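Asks: sequence first, predicted coordinates after that:
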Amino acid sequence: MSGIALVYNRLKGDKLIWLIVTILAIFSVLAVYSAVGSMAYKVHGGNTELKLLKQIFFLGAGMGCMYVAYKLDYMQYSKWAPILLLIAIPLLAYTIMFGPEINDARRWLTIPWIDQRFQTSDFAKLALIIFMARSISKKQEIIKDLKSAFLPLIIPVIIVCGLIMPSDFSTAALLFFTCLLMMIIGRVQVKFLFLLMFVGIAAFSLVVIIGYAFPEHIRIETWISRVTEFLGGGDGGYQVQQSKIAIAEGGWFGVMPGNSIQRNYLPVPYADYIYAIICEEYGLIGGLLILALYLGLLIRCTKMVTQCPKTFGAILAMGLCLNIVVQAFANIAVSVNLLPVTGLTLPLVSMGGTSLIMTCISLGIILSVSRYVETAKLQHVELTEIEEDESNH
């Protein structure tokens with residue numbers, strides 16, 4: 001038996017999810033190495049290997065974090081949820097006020113000593129989803145009560161999404177939508193969810209009004225220009241046109257790895273438009289494979305959730321999975337001009353630092369839940385066999 005097969009057999013949890021993660025990670029290394037060419041020439045004098053090594057480093061660090069998250073009992077995250085949220089909210093507030101302004105937005109903090117930028121919303125997403133899973137599971141007996149259950153649920157959602165929205169509307173909207181889906185799974189009353197949607201629309205309207213008054217703090221003009229460009233009925237802006245050219249050039253089987261032409265014309269081809277580069281180099285077949293992998297992740301998580309005996313584990317795994325999959329579909333939809341430009345990356349595939357690590361941690365937690373489900377099923381089978389033996393005797 002080969003070493004890879006041995007490791008694969010020793011891993012517990014959903015083997016198909018492990019396989020999906022592995023394939024996406026391989027695509028990440030290949031696609032990023034190809035896509036960073038023009039950036040490497042601008043910044044590092046053509047040294048694409050430096051960017052490749054950086055991606056491999058963060059991918060390796062992410063896989064290490066994923067393994068640690070997978071080995072931990074997922075119920076530990078329920079205990080840590082309030083602390084994580086209490087860390088995330090001040091971090092978001094500090095970022096808005098004192099974070100460096102990059103591309104007209106304050107999204108990052110610089111980690112001392114290692115000089116690495118950290119997007120605080122990535123940590124906040126993870127913290128809020130864990131907290132929501134904890135809160136929904138603990139309030140199941142009173143989940144239909146407005147005052148005791150629903151209001152305590154929506155307050156952290158409004159605070160976190162409200163702090164993210166001024167500099168990153170797409171991430172805030174994605175997180176808000178994920179929390180909404182988690183509440184649906186958690187059996188929150190539909191009329192309360194409509195109330196939450198109304199609150200979200202009202203909050204967005206308020207942010208737009210404030211954005212017009214203080215345009216230096218809220219990227220209102222960027223939002224409007226992206227939506228206007230998308231609704232204009234044309235072929236989209238420069239980015240979308242180049243993305244569609246890349247996809248068309250790929251045909252069925254692609255131009256082969258490393259032969260992309262559009263990487264020289266697409267803005268940030270290694271992040272926002274990496275799906276277009278994959279379609280160009282690996283063809284429609286490669287693009288459909290990426291879609292199938294994310295869809296497979298969603299299907300496996302949905303199946304796992306229906307088998308999870310604990311509410312917290314079910315809602316936690318589904319919330320993290322939905323956040324990853326919806327972001328992936330949004331990124332792909334932008335590449336084919338089905339959505340306005342969002343700035344959302346392709347999870348686990350796009351070049352990234354802390355965002356890649358946070359995605360890996362999310363997947364590790366999902367695998368931790370799947371490990372528990374697998375163990376519970378084995379124990380149930382063993383118990384059934386013992387009972388059958390006793391009845392036969």
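Replies: Cool, got the structure.

Asks: quick one: average pLDDT of stretch 88-105?
Replies: For stretch 88-105, mean pLDDT is 84.

Asks: now do the buried residues in it.
Replies: By 16 or more other C-beta atoms under 10 Å, the buried positions in stretch 88-105 come out as 88-89, 91-92, 95-96, 99, 105. The way it works is simple: take the backbone N, C-alpha and C, and place the C-beta from them, glycine included.

Asks: repeat for stretch 187-203
Replies: Within stretch 187-203, the residues scored as buried using 16+ other C-beta under 10 Å are 188, 192-193, 196, 200, 203.

Asks: let's see which of the buried residues of stretch 88-105 end up in strands.
Replies: Using DSSP state E, the subset of these located in strands is empty.

Asks: hang on, the earlier thing: quick one: the buried residues of stretch 187-203 as JSON lines, columns for secondary structure, pLDDT and distance to Ile56 too.
Replies: JSON lines is the format used below for the buried residues of stretch 187-203 (DSSP: H, G, I helix; E, B strand; the rest coil; pLDDT from 0 to 100; distance: C-beta to C-beta, whole Å):
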{"residue": "Val188", "secondary structure": "coil", "pLDDT": "87", "distance to Ile56": "42"}
{"residue": "Phe192", "secondary structure": "helix", "pLDDT": "85", "distance to Ile56": "46"}
{"residue": "Leu193", "secondary structure": "helix", "pLDDT": "85", "distance to Ile56": "42"}
{"residue": "Leu196", "secondary structure": "helix", "pLDDT": "82", "distance to Ile56": "41"}
{"residue": "Gly200", "secondary structure": "helix", "pLDDT": "79", "distance to Ile56": "39"}
{"residue": "Ala203", "secondary structure": "helix", "pLDDT": "78", "distance to Ile56": "40"}
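
Asks: for these, which one is nearest Ile261?
Replies: Among these, Gly200 lies closest to Ile261 (C-beta to C-beta), at 41.4 Å.

Asks: nearest spatial neighbour of that closest one, chain-adjacent residues omitted?
Replies: Phe176 (5.7 Å; C-beta to C-beta, 6 or more residues apart in numbering).

Asks: likewise Lys244?
Replies: Excluding the flanking residues, the one nearest Lys244 by C-beta to C-beta, 6+ apart is Asn337, at 6.5 Å.

Asks: pull the number of nearby residues for that neighbour.
Replies: Residue neighbour count, defined by other C-beta atoms under 10 Å, stands at 19 for Asn337.

Asks: isn't it right up against Val240?
Replies: Yes. With contact taken as C-beta atoms under 8 Å, Asn337 and Val240 are classed as touching, separated by 4.9 Å.

Asks: ranges for the strands of the stretch 101-250 of the chain?
Replies: 108-111, 116-119 (DSSP state E, counting those that start in this stretch).

Asks: now for the last one, which elements pack on it?
Replies: Packing partners of strand 116-119 (3 or more C-beta pairs under 8 Å, 6 or more residues apart in numbering; DSSP states H and E): strand 108-111, helix 354-392.

Asks: can the buried residues of stretch 187-203 go into CSV with extra columns for distance to Phe118?
Replies: Below are the buried residues of stretch 187-203 laid out as CSV (distance: C-beta to C-beta, whole Å):
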residue, distance to Phe118
Val188, 32
Phe192, 34
Leu193, 33
Leu196, 29
Gly200, 27
Ala203, 26
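
Asks: need the max-distance pair from the residues you listed.
Replies: Using C-beta to C-beta, the buried residues of stretch 187-203 reach their maximum pairwise distance at Val188 and Ala203, which is 18.5 Å.

Asks: low pLDDT regions in the stretch 151-300 of the chain?
Replies: In the predicted model, the stretch 151-300 of the chain carries pLDDT under 70 at residues 211-224, 228, 230-236.

Asks: which ones are touching Ala314?
Replies: By C-beta atoms under 8 Å, 6 or more residues apart in numbering, the contact set of Ala314 is 185, 305-306, 308, 369.

Asks: please pick the buried ones from these.
Replies: Listed as buried from those are 185, 305, 308, 369; burial here means 16+ other C-beta under 10 Å.

Asks: between those residues, which sits nearest Leu322?
Replies: The nearest member of the buried ones among the contacts of Ala314 to Leu322, counting by C-beta to C-beta, is Ile185 at 8.8 Å.
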